[in-house]
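**Student:** whatever this is, show me its structure:
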Amino acid sequence: MEEEKVATPESAEISELVDVKRKMQFTGTVIKTTLAGAVVDIGVEVPGVVHISQLQKDPVNKVEDVVKVGQQVVVWVRRVEPKRERLELTMIEPLPLEWREIEKGMIVKGTVTRIEKFGVFVEIGAERPGLVHISEITHQYIKDPQQEVKVGEEVEAKVLDVNRRKKQIKLSMKALEEKPVFEQKPFSKKRTQASPSVQPEEQEEAIPTAMEMALREAMEKSTPDVDSKAAGPEAKQEGSNPELDKILARTLENKVKTAS
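**Tutor:** Sure thing, here's the model as predicted:
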């Protein structure tokens with residue numbers, strides 16, 4: 001939004017009402033007082049009117065308690081209607097930013113006035129300060145706003161939203177900063193095969209199957225005993241074991257089935 005020109009008492013050399021703009025500043029002379037306010041001559045063809053509510057911020061019971069005829073006062077243009085030859089003035093300095101002037105997306109400058117855990121309040125010249133949420137201070141994660149800003153620090157921010165009914169202004173500082181680019185680490189697949197540096201003998205021994213365990217046990221039982229050799233003709237022939245023969249037969253049969 002284009003900023004309106006504010007005329008100072010020294011530079012306000014305007015004599016025509018059509019050249020008078022809102023928020024311009026003048027030094028005028030009180031030429032009349034009424035119950036409703038005061039009439040002030042600012043040097044144009046039409047004098048301006050200061051309503052009693054615009055004499056000062058505090059309530060006024062009587063106009064003469066604030067101004068008197070012939071007194072010089074500093075006033076600002078509140079409203080001007082050249083066609084109707086109407087000029088409204090105020091002795092209360094207007095805010096740099098009024099609610100109707102604040103728009104989404106505009107850039108504002110201000111001063112940090114208060115810091116809370118959830119964010120910081122920034123005075124931007126409006127009726128109320130704007131709020132910069134902690135997530136809108138910087139692109140990086142922070143636990144406390146005081147990691148980035150201090151009370152009294154001047155900052156620049158972007159208007160994210162303005163709620164005139166609730167009189168809330170949401171600001172963002174990080175919106176004016178370039179978003180950082182984070183480098184991504186290359187994806188690495190986990191090895192599923194054993195490392196070639198590991199020797200076969202270093203690898204863990206395979207767990208025997210139930211068939212192999214039974215075969216080993218039968219072979220151990222079939223080993224000829226010393227006493228059986230001395231038993232004479234009644235002793236069984238060496239190496240003859242019916243149980244072992246059955247296990248060996250089943251093993252060979254399973255291997256043949258597997259191979260086929």
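**Student:** what's the burial count for E101?
**Tutor:** 16 (other Cβ atoms under 10 Å). C-betas here are computed from N, CA, C, even on glycine.
**Student:** quick one, phi psi at it?
**Tutor:** phi -90, psi -20 (degrees, to the nearest 10).
**Student:** quick check: it vs E127, distance?
**Tutor:** To E127, E101 is 11 Å away according to Cβ to Cβ, to the nearest Å.
**Student:** dump the residue contacts of I169.
**Tutor:** By Cβ atoms under 8 Å, 6 or more residues apart in numbering, the contact list for I169 reads I102, I124, A126, R128, P129, G130, L131, V159, D161, V162, N163.
**Student:** drop anything exposed from those.
**Tutor:** I102, I124, A126, P129, G130, L131, V159, V162 (16 or more other Cβ atoms under 10 Å).
**Student:** so what's the third one up against?
**Tutor:** The contact partners of A126, by Cβ under 8 Å, 6+ apart, come to L95, P96, L97, E98, W99, I102, I169.
**Student:** top of those residues by neighbour count?
**Tutor:** I169 (26 neighbours).
**Student:** and the helix or strand harbouring that one, what's buried?
**Tutor:** Applying DSSP states H and E as the criterion places I169 in strand 168-172. For strand 168-172, a neighbour-count test (16+ other Cβ under 10 Å) marks I169, K170, L171, S172 as buried.
**Student:** in the chain, which helix or strand is least confident?
**Tutor:** Lowest by mean pLDDT, DSSP states H and E among the helices and strands of the chain is helix 226-229, with a mean of 46.
**Student:** how about the contacts made by the closest residue to S53 other than its chain neighbours?
**Tutor:** Spatial nearest neighbour of S53, chain neighbours left out: V60 (7.5 Å); criterion: Cβ to Cβ, 6 or more residues apart in numbering. With contact taken as Cβ under 8 Å, 6+ apart, V60 is in contact with I52, S53, V66.
**Student:** quick check on those residues: which are buried?
**Tutor:** The buried subset of the contacts of V60 (16+ other Cβ under 10 Å) comprises I52, V66.
**Student:** and which of the contacts of V60 is nearest H139?
**Tutor:** Nearest to H139 among the contacts of V60, counting by Cβ to Cβ, is S53 at 46.3 Å.
**Student:** please name the nearest non-neighbouring residue to E156.
**Tutor:** Using Cβ to Cβ, 6+ apart, the closest residue to E156 is K109 (5.2 Å).
**Student:** ok, that neighbour to V122 distance?
**Tutor:** Distance from K109 to V122, by Cβ to Cβ: 9 Å.
**Student:** ok, the two, which is more surrounded?
**Tutor:** Taking neighbours as other Cβ under 10 Å, K109 and V122 compare with V122 leading, 26 against 12.
**Student:** now that one. Nearest residue, chain neighbours left out?
**Tutor:** G110 (4.1 Å).
**Student:** that neighbour - how many residues pack around it?
**Tutor:** With other Cβ under 10 Å as criterion, G110 counts 21.
**Student:** what lies in contact with the helix or strand harbouring it?
**Tutor:** Applying DSSP H and E as the criterion places G110 in strand 107-116. Here strand 107-116 makes contact (Cβ under 8 Å, 6+ apart) with 97, 120-125, 129-130, 145-146, 149-159, 171, 176.
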